[in-house]
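1. What shape does this take:
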Amino acid sequence: MTRSAYKLYGNSPALTELKQFPDRGHSLVIDHGWPVVADYALTWRARQGIKGQDTAYA
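-> Here you go, the predicted structure:
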């Protein structure tokens, strides 16, 4: 389902990327290991040149 949704953005100018986190459920940002997901999202944003306010988590 996620892969199908990703493909729908194929002709869109939106910045998209499909990243799957093995052995994780749908609650990526609140399940165990959420800092790995958060770090990936922040790194992705930086690679795209998207600027904004970072908030610390720990």
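2. pLDDT weak spots in this structure?
-> For the chain, applying pLDDT under 70 flags the ranges 53-58.
3. for the helix ranked longest in the chain, packing partners?
-> With secondary structure taken from DSSP state H, the chain has its longest helix at helix 34-47. Using 3 or more CB pairs under 8 Å, 6 or more residues apart in numbering; DSSP states H and E as the contact test, no helix or strand touches helix 34-47. Quick note: C-beta positions are derived from backbone N, CA and C, even for glycine.
4. so who does residue 6 touch?
-> Residues near residue 6 by CB atoms under 8 Å, 6 or more residues apart in numbering: 16, 18.
5. How much space separates it from residue 40?
-> 16 Å (CB to CB, to the nearest Å).
6. Distance check, the spatially most central residue of the chain against residue 29.
-> The chain has residue 41 as the residue nearest its centroid, 4.4 Å off, counting by CA atoms, centre = their mean. For residue 41, the distance to residue 29 (CB to CB) stands at 9 Å.
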